[in-house]
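> Build me a model:
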Amino acid sequence: MAFLTGEDIKICFSLFCCVYGIGTLGMPGNYAKAGYFWATLALVFMAAVNIYATWCISQVMLVAPKHVKTYGDIGQWCMGGFGRGAVVVSQMAVCMMVPIVFLVLGGTLLTTLFPDSYSDVTWIVVMGATLLPVCLVPTMKEGAGLAAAGCIGTIFADAVAVYLLVSNMNAQNVANVSPPSPELSFSSVASVFGNLALAYGAGIVIPTLQREHSDPTRMPRVIVVTLALVSCCFLAVSITGVSTVGCQIPGNLLFAVSGTQLGFKASRGGVILTFLAMQMHITIAFAVVMFPAFFIMERLVLGLHTSAPLALADTPEAPGSVAMVGESYRGLDPKVDGMLEAHDDTADAYKQPGAYQKACFLRTVMVAICITVAIAEKDNFGELLDFVGASSTATSCMILPMIFYLKTFGPTIGLGEKAFAVVCILVSLTLAVYVSVQTGTVLFSGAPHSTVVFPNCAPMYKHVVYTNTTHYASAHRALLARFQ
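Down below sits the predicted model:
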């Protein structure tokens, strides 16, 4: 059989589209914070951990009973109510906080696209209001079409932004001055964890994709190949973006070409194309990401969509080893699978009297909460991005999958793999807590926003672009005069 079948390639494409999103915008900024060596090491480590963690979800699902269809089901099957609760809380956090990031970014993009029109606060409200009708559609079937459009928008935005950055920086660096290196610290290096965790958030879509594959045993290979390709794309964007700017590249690639702080004014047409492409991605991704949160809250608050959890409530604790799986669940599968088949259409829940109206009100409240938080944190986009990645995405897509895998396969896997998994969990947990506290302090303390233009650089390069040779020649002369 071929290394990748036609169906494998389709799943690869869907997974790539789901992963390659706004996380790419901060990739060059990671190198501005941590330098080439540490940023590359962090990228390789996070690629390895996320590929392994995502692979773990697939492996657990391969030995789970047929009624285990969602990520929450996996948590229930592996660790009972605690497992489902951990998945639901972390997944809810992802599905609520990522749209908040979208609103903040969208408000900034629209303010830049339409200067002298409205403030970013107004644009955030307008954007939320225009996206609300899509969020009120009862169900949204997952498909590669929407994800592909959003992914293409991101790829196009990245490509044009990198081209504008490199071409303009090379044109103005006539003296061939080397870009400055970052001023390294543990905090600056550790901070890249949040952005990388957000960028790799693939775990929550694996159950759906694996459920749709006619031969689920091929999914582990699909996961490894796709996420390895995504990692290569991340590396390419990072190195290309930082190569001509060094520590002075902003944390968001789009902001690097939309302003004049780097000493050039990019083509207005190119900036508009870049921003429109990313705005397309945000518009598509907003509702897609929020729909799982709508589903969960409608179950918890309104009592809808309860058939699957009721069926699973009678399942025993997950086995400690693969050897016990068949015996524990053999008789349970037909009963649960039959119950799930009878209630497979999610849209039926909204046909109950008044159910759809209640769901619309609940969804409107949820979108309004996102808008409110986005307005409150609109000046801290970088910290918000890192906080979401380090807190919710790392928990949902990195730490929990490896814990579920160890719980299911613990007695049967080798000591080396077990040690690797434990180390990955401990390192990820430590960094997740550290970065969440660091970025959360900035987000929730109400401290004024820093006015330093290039905060990742040494003091000499914190305020003026390094290609301004006149400024730095004067600075060098002044420095020499102090020691004469």
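> What part of this structure, helix or strand, is modelled with the least confidence?
Sorting the helices and strands of the chain by mean pLDDT, DSSP states H and E puts helix 325-329 at the bottom, at a mean of 38.
> In the chain, where is pLDDT below threshold?
1, 139-147, 306-347, 446-449, 475-484 (pLDDT under 70).
> Give the closest residue to the residue nearest the centre of it in space, chain neighbours not counted.
Centroid-nearest residue in the chain: residue 198, 2.9 Å away (criterion: Cα atoms, centre = their mean). In space, and not counting its chain neighbours, residue 198 is closest to residue 389: 3.1 Å by Cβ to Cβ, 6 or more residues apart in numbering. The way it works is simple: take the backbone N, C-alpha and C, and place the C-beta from them, glycine included.
> can you check residue 83 too?
residue 75 (3.4 Å).
> list the contacts for that neighbour?
Contacts of residue 75 were listed using Cβ atoms under 8 Å, 6 or more residues apart in numbering, and they are 83-88, 400, 404.
> If we use 10 Å, what do you get?
The contact partners of residue 75, by Cβ atoms under 10 Å, 6 or more residues apart in numbering, come to 60, 68, 81-88, 90-91, 318, 400-401, 403-404.
> Among those, name the buried ones.
60, 68, 83-84, 86-88, 90-91, 318, 400-401, 403-404 (16 or more other Cβ atoms under 10 Å).
> Go through those and flag which are in strands.
Counting by DSSP state E, the buried ones among the contacts of residue 75 place none of their members in strands.
> okay, those residues in TSV with distance to residue 290 next?
TSV is the format used below for the buried ones among the contacts of residue 75 (distance: Cβ to Cβ, whole Å):
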residue	distance to residue 290
60	26
68	24
83	24
84	20
86	21
87	17
88	15
90	16
91	12
318	29
400	21
401	22
403	26
404	25
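> I'd like the list of the residues you listed that fall within helices, please.
Secondary structure assignment by DSSP state H places 60, 83-84, 86-88, 90-91, 400-401, 403-404 of the buried ones among the contacts of residue 75 in helices.
> quick one: which two of these are the most distant?
Farthest apart among these by Cβ to Cβ are 60 and 88. That separation is 17.1 Å.
> tell me which element the residue nearest to residue 83 is part of?
Taking DSSP states H and E as the definition, one finds residue 75 inside helix 71-113.
> what angle do whatever helix or strand comes next after that helix and helix 71-113 make?
Moving toward the C-terminus from helix 71-113, the next helix or strand (DSSP H and E) is helix 120-135. Counting by axes from the mean of the first three to the mean of the last three Cα atoms, to 10 degrees, helix 120-135 points 140 degrees away from the direction of helix 71-113.
> Check which element follows helix 120-135 along the chain.
Assigned by DSSP H and E, the successor of helix 120-135 is helix 144-172.
> So which residues make contact with the helix or strand just after that next one?
Later in the chain than helix 144-172, the nearest helix or strand by DSSP H and E is helix 186-190. Helix 186-190 has contacts (Cβ under 10 Å, 6+ apart) with 30, 32-35, 37-39, 41-42, 182, 247, 386, 390, 430-431, 434-435, 438, 455-456.
> buried sites along stretch 240-259?
240-258.
> what about that stretch, start to end distance?
This stretch, stretch 240-259, spans 19 Å end to end (Cα to Cα, to the nearest Å).
> ditto for stretch 264-272
16 Å.
> Do a quick rundown of the helices in the stretch 251-400 of the chain.
For the stretch 251-400 of the chain, the helices defined by DSSP state H, counting those that start in this stretch occupy 253-258, 268-302, 307-312, 325-329, 332-342, 355-376, 381-388, 394, 400-409.
> and of those helices, who's closest to residue 192?
Across these, closest to residue 192 is helix 381-388 (Cβ to Cβ), at 8.4 Å.
> Pull the residues that contact the helix or strand following the closest one.
Downstream of helix 381-388, the first helix or strand assigned by DSSP H and E is helix 394. The contact list for helix 394, computed with Cβ under 10 Å, 6+ apart, reads 46, 49-50, 53, 90, 94, 193-194, 196-198, 200-201, 388, 400, 428-429, 431-433, 435-436.
> Sitting in helices, which of those do you find?
Those of the contacts of helix 394 lying in helices (DSSP H): 46, 49-50, 53, 90, 94, 193-194, 196-198, 388, 400, 428-429, 431-433, 435-436.
> Buried ones among those residues?
By 16+ other Cβ under 10 Å, the ones in helices among the contacts of helix 394 give 46, 49-50, 53, 90, 94, 193-194, 196-198, 388, 400, 428, 431-432, 435-436 as buried.
> that older thread, distance of the residue nearest to residue 198 from residue 435?
According to Cβ to Cβ, to the nearest Å, residue 389 and residue 435 sit 8 Å apart.
> who touches both of these two?
With Cβ under 10 Å, 6+ apart as the test, residue 389 and residue 435 both reach 192-195, 197.
> Looking at these, which is nearest residue 7?
residue 197 (29.5 Å).
> what's that closest one in contact with, if anything?
23, 46, 49-50, 386, 388-399, 428, 431-432, 435 are the contacts of residue 197 under Cβ under 10 Å, 6+ apart.
> Check residue 376 too.
Per Cβ under 10 Å, 6+ apart, neighbours of residue 376: 100, 104, 443-444, 446.
> So which of these is the closest to residue 462?
residue 443 (22.7 Å).
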